[in-house]
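Q: Give me coordinates for this.
(2 chains)
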There are 2 protein chains.
Amino acid sequence: MTAALLDTLRHTVGAAHVLTEGDLTAWEQDWRRRERGRALAVVRPASTAEVAAVVRACAAAGTPIVPQGGNTGLSVGSTPDGSGTQIVLSLARMNRVRAIDADNLTLTVEAGCILQAVQQAAAQANLLFPLSLAAEGSCTIGGNVATNAGGTQVVRYGNARELCLGLEAVTAQGEVWDGLSGLRKDNTGYDLRNLLIGSEGTLAIITAATMKLFPQPVARLTAWAAVPSMQAAVQLLGLAHRHLGAGLTGFEVMNQFALSLVARHLPQLRVPFAGLDGAPWCVLLENSDSESEEHARQRFEHLMELAFEDGCVLDAVVAESIAQARELWHVRESIPLAQAEEGLNIKHDISVAASRIPDFVAHTDQLLAREVPGARLVTFGHLGDGNLHYNVQAPEGGDAAAFLREQEPRVNELVYGSVAQHGGSFSAEHGVGRLKAGTLAHYKSPVALGMMRAVKQALDPQGLLNPGCVLLK
Amino acid sequence: MTAALLDTLRHTVGAAHVLTEGDLTAWEQDWRRRERGRALAVVRPASTAEVAAVVRACAAAGTPIVPQGGNTGLSVGSTPDGSGTQIVLSLARMNRVRAIDADNLTLTVEAGCILQAVQQAAAQANLLFPLSLAAEGSCTIGGNVATNAGGTQVVRYGNARELCLGLEAVTAQGEVWDGLSGLRKDNTGYDLRNLLIGSEGTLAIITAATMKLFPQPVARLTAWAAVPSMQAAVQLLGLAHRHLGAGLTGFEVMNQFALSLVARHLPQLRVPFAGLDGAPWCVLLENSDSESEEHARQRFEHLMELAFEDGCVLDAVVAESIAQARELWHVRESIPLAQAEEGLNIKHDISVAASRIPDFVAHTDQLLAREVPGARLVTFGHLGDGNLHYNVQAPEGGDAAAFLREQEPRVNELVYGSVAQHGGSFSAEHGVGRLKAGTLAHYKSPVALGMMRAVKQALDPQGLLNPGCVLLK
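A: Prediction:
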């Protein structure tokens, strides 16, 4: 049975693209090395027709399929389980930019195209593809869309969902849905595109997407501000929305402990306002301007003056050069690395309405201080979207592995409980995968879960697409 | 059976809110008076709990439900069929603004709230709710969301879909899904919100929504330009995107025949560049600025200079006052009225990628000139979104009613065929309703239709929610 399926797959995509031997770690282990699965085979189709044929063969054999892009997900959503019965369907060979339509400000690209290559293709046409995140050198656009990736530019341009105008996908029955479209308005029936976006390969396999492009900004300026409280950071966000309008393309917040880890483990980086008295938080702002650098600077300075007057900023610096701007972003983006250097930690990717973030942070900080003494909080993230990486570092000098073993479930319970209490989400941008399928089952309302299960059953009645991901088996 | 159901409904919402007698035209006839149905009863619940109880009673009785907001839809999606067996569930009494969260830039509002009241509630908080369309004085936000309404500000702010962050809805089983949320990032399972948005009451009944707000622009300027061709209009759109960035909040195109009808039937309006030689099209642009009126004007003038140099604008005027700006918008918005005054006509609401609009228009104009001699084309719409109201006026002086009777199916076939050939949509912003359910069945791919039917069957297995709307029975 299995041998017959493998034969069919070899016939479909070529024997060289059905991997069963050798080291398959790259496909079988998730990015954060939390789980190592075992694949029946890794299958690498080169076209949509081949993907469809692979799915039909698997459907006939009753073999589950785990779609995989760059395998950089943080929630264990693109690797097989340990049973050895699932195939990994890698989209990596489908990596062409099919078309750029400059007048329509769109680009159509295959699922396996690396995000950075999409950005570069847009830049070569003197346009901007704004999706930007840490894994952009390895993640693929198909994975970005399938998981509705977020990143640093969401405050202006939205998530992958908001950037996607159309999809091509292969259904669980192995049919091709051609929903590619550069249309900005199309009210002809149910929104299948958004249903597939963020469904993490459990409803269909995305093979290509049409994405929005934007004019390149003429200037991009970055500022760094020390703020007296989280409330002040939210106030600054409001001012920035009002005075920069859509120029506000980035708004990141970091606590001083996160910055101290950067200073400790990456001493070559200059961290502005490190340890400044009375400034528990720093904010990184980005202003993109369609006019001129001078204009951008003038708008930024105007904003900062107002913020000083309002008392929501204690000190601030606007980058004088692109190099300086890059360095500020580099500090922000080095937090995860600095955290890793400091040792094991528990990661969260939560969101709460921006207005409730100060309450959420005060409440949860207090809760953890009481319930998990010594835990050190590395809080940073995309405040412009109400999205915090509210991470918990093991106590200084203790046995971090033991801490994680003993405390992780309890810490998650406390944090997610507080998130729920504040009307938030336990997964803002990293998705559910298999890692958080249990969390989803716990925190989603029975009505929502019922609708999700009905949709899954309707589109994938055999349950072969990425089983156990998003919804528990 | 029916009597028992009506008793239950009277018990649920109060006898005064179950209408069976008297003139029910307002609920039974669609906005454009294309169809007059007959309702078993018009039921007007006052709360989400009442909506749920009504749905449970109807589900138990096997009685179909047609949800209705302002009943201003253009595709016959909110009125009952002629059988007298369907109830109309009016959301009109659920019209409260539940909350405004200025720091989070969101507002939560019940489905029956009139769009204009939503705009006003936002304005009172010194914020902008940008959804704006002709029926805003009568349509409701629930209907806007259920049909994914578009309008004049989509080029900057998106459709109702892009403005909606969360929903509350009653399922076909009469359960309440509380998906209200002001979160800008939330990747916890399937996107039920977007599945319901645009589903026109066929998958669940939307009872409330959380919508995005924006800072009020400091200045809003309007310009009017005469352009030598549709290609030039698309070129001007590109320039406007590049030089106004997100300041570009409106981009409307109108052909000279549409403007001549305004001049003929509303002689009190001044139509700029009416009949200007070599200028078959005019464009209305709106520029919203977060800085100052002076800055907005300067940006607009800079844009127009570039456009003159590029040859894509022949003449242009920037409104000198708010009154003048309103008058320009008024000309644009009077086209449908002027059309009605001219006589019966065939309306289309199509979209095509902006880059393909010039080809589409040239091709379809030629096709109609050949196949339907004498037909007069009233072409106008939201070019910024690739959305044209490509309307066909009966030949001058002929019998318009006879023309429609004889030619409407053929004209639709020609126009929609051309739309399909150009990769476009036969319904850009008006939805499908019962009017275009047959068109959907014809033009959508079997794969897409199959997925839609599977989703419908999964969420509404009895087929009681707005039957015959979107999908044929």
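Q: Show the secondary-structure elements that the helix or strand hosting A:Leu107 is packed against.
A: According to DSSP states H and E, A:Leu107 maps onto strand A:106-110. Identification of packing neighbours for strand A:106-110 by 3 or more C-beta pairs under 8 Å, 6 or more residues apart in numbering or on different chains; DSSP states H and E yields strand A:97-101, helix A:115-124, helix A:141-146, strand A:204-212. The way it works is simple: take the backbone N, C-alpha and C, and place the C-beta from them, glycine included.
Q: and among these, the most buried is which?
A: Compared across the helices and strands packed on strand A:106-110, helix A:141-146 shows the largest average neighbour count, a mean of 31 (mean count of other C-beta atoms under 10 Å in any protein chain shown).
Q: next structured bit after that helix?
A: Proceeding N to C from helix A:141-146, the next assigned helix or strand is helix A:154-157, under DSSP H and E.
Q: so what does that next one touch, helix or strand wise?
A: If contacts are counted by 3+ C-beta pairs under 8 Å, 6+ apart, helix A:154-157 sits against strand A:248-255.
Q: For the strand it packs on, which outside residues touch it?
A: Applying C-beta atoms under 8 Å, 6 or more residues apart in numbering or on different chains, the external contacts of strand A:248-255 come out as A:130, A:152-153, A:155-157, A:217, A:220, A:222, A:230, A:233, A:237, A:240-241, A:280-288, A:332, A:335, A:377-384, A:388.
Q: pLDDT of it, averaged?
A: The average pLDDT within strand A:248-255 is 98.
Q: strand partners of that strand, parallel vs antiparallel please.
A: strand A:281-289 (antiparallel), strand A:376-382 (antiparallel) (DSSP bridges).
Q: In CSV, list those along with distance to A:Ala428.
A: Putting these into CSV (distance: least, C-beta to C-beta, whole Å) gives the following:
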stretch, distance to A:Ala428
strand A:281-289, 18
strand A:376-382, 8
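Q: A:Glu413: which of those strands is closest?
A: With C-beta to C-beta as the criterion, A:Glu413 lies closest to strand A:376-382 of the strands paired with strand A:248-255, at 16.3 Å.
Q: can you give me the offset of the closest one from its chain's centre?
A: In terms of C-alpha atoms, centre = their mean, to the nearest Å, the centre of strand A:376-382 is set 16 Å apart from its chain centre.
Q: what comes into contact with the helix or strand just after that strand?
A: Using DSSP H and E, the helix or strand that directly follows strand A:376-382 along the chain is strand A:387-393. Defining contact as C-beta under 8 Å, 6+ apart, one finds that strand A:387-393 is touched by A:150, A:154, A:253, A:261, A:335-336, A:339, A:342-343, A:345-352, A:357, A:361, A:364, A:368, A:372, A:375-382, A:400, A:411, A:415, A:428-429, B:184-185.
Q: Against which helices or strands is the helix or strand that strand A:387-393 is followed by packed?
A: Where DSSP H and E defines the elements, the next helix or strand beyond strand A:387-393 is helix A:400-421. Applying 3+ C-beta pairs under 8 Å, 6+ apart, one finds that helix A:400-421 contacts strand A:345-346, strand A:350-351, helix A:357-371, strand A:387-393, helix A:437-443.
Q: ok so, going back, in TSV: the helices and strands packed on strand A:106-110, plus distance to chain B and mean pLDDT.
A: Putting the helices and strands packed on strand A:106-110 into TSV (distance: least, C-beta to the nearest C-beta, whole Å; pLDDT from 0 to 100) gives the following:
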stretch	distance to chain B	mean pLDDT
strand A:97-101	5	98
helix A:115-124	14	98
helix A:141-146	11	98
strand A:204-212	8	98
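Q: Would you tell me which residues of the stretch 251-400 of chain A are close to chain B?
A: Contact residues, the stretch 251-400 of chain A versus chain B (C-beta under 8 Å from any C-beta of the partner chain): A:289-291, A:299, A:351-356, A:382, A:385-387.
Q: want to throw the helices and strands packed on helix A:400-421 into a markdown table with distance to B:Val145, mean neighbour count and mean pLDDT?
A: Formatted as a markdown table, the helices and strands packed on helix A:400-421 follow (distance: least, C-beta to C-beta, whole Å; neighbours: other C-beta atoms under 10 Å in any protein chain shown; pLDDT from 0 to 100):
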| stretch | distance to B:Val145 | mean neighbour count | mean pLDDT |
| --- | --- | --- | --- |
| strand A:345-346 | 38 | 22 | 95 |
| strand A:350-351 | 22 | 30 | 98 |
| helix A:357-371 | 26 | 17 | 98 |
| strand A:387-393 | 24 | 24 | 97 |
| helix A:437-443 | 25 | 17 | 97 |
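Q: what about stretch A:437-450, start to end distance?
A: With C-alpha to C-alpha, to the nearest Å as the measure, the ends of stretch A:437-450 fall 14 Å from one another.
Q: now do stretch A:64-78
A: As for stretch A:64-78, its first-to-last residue distance stands at 13 Å under the measure C-alpha to C-alpha.
Q: what does stretch A:457-473 give?
A: First residue to last in stretch A:457-473 (C-alpha to C-alpha) measures 12 Å.
Q: A:Gly278: neighbouring residues, count only.
A: By the criterion of other C-beta atoms under 10 Å in any protein chain shown, A:Gly278 has 9 neighbours.
Q: Surely it and A:Leu314 touch.
A: Yes: taking contacts as C-beta atoms under 8 Å, A:Gly278 lies within contact range of A:Leu314: 6.5 Å.
Q: what residues do those two have in common as contacts?
A: Counting by C-beta under 8 Å, 6+ apart, the shared contacts of A:Gly278 and A:Leu314 are A:Pro228.
Q: show me what contacts the closest residue to chain B within the stretch 301-450 of chain A?
A: Nearest residue of the stretch 301-450 of chain A to chain B (C-beta to the nearest C-beta) works out as A:Ser355 at 3.5 Å. With C-beta under 8 Å, 6+ apart as the criterion, the residues that contact A:Ser355 are A:234, B:101-104, B:182.
Q: just the strands paired with strand A:248-255: most buried one?
A: Greatest average neighbour count among the strands paired with strand A:248-255 goes to strand A:281-289 (a mean of 26), per mean count of other C-beta under 10 Å.
Q: Which residues does whatever helix or strand comes next after that one contact?
A: On the C-terminal side of strand A:281-289, the nearest following helix or strand under DSSP H and E is helix A:293-310. Contact with helix A:293-310 is made by A:218-221, A:223, A:225, A:235-236, A:239-240, A:243-244, A:247, A:285, A:287-289, A:313, A:316, A:318, B:291, as judged by C-beta under 8 Å, 6+ apart.
Q: What about the residues you listed, which are in helices?
A: Per DSSP state H, helices hold the following members of the contacts of helix A:293-310: A:235-236, A:239-240, A:243-244.
Q: looking at this, the residue of the stretch 301-450 of chain A closest to chain B is in a helix?
A: Yes: according to DSSP: H, G, I helix; E, B strand; the rest coil, A:Ser355 belongs to a helix.
Q: mind checking how far it is from B:Ala102?
A: Distance of A:Ser355 to B:Ala102, given as C-beta to C-beta, to the nearest Å: 8 Å.
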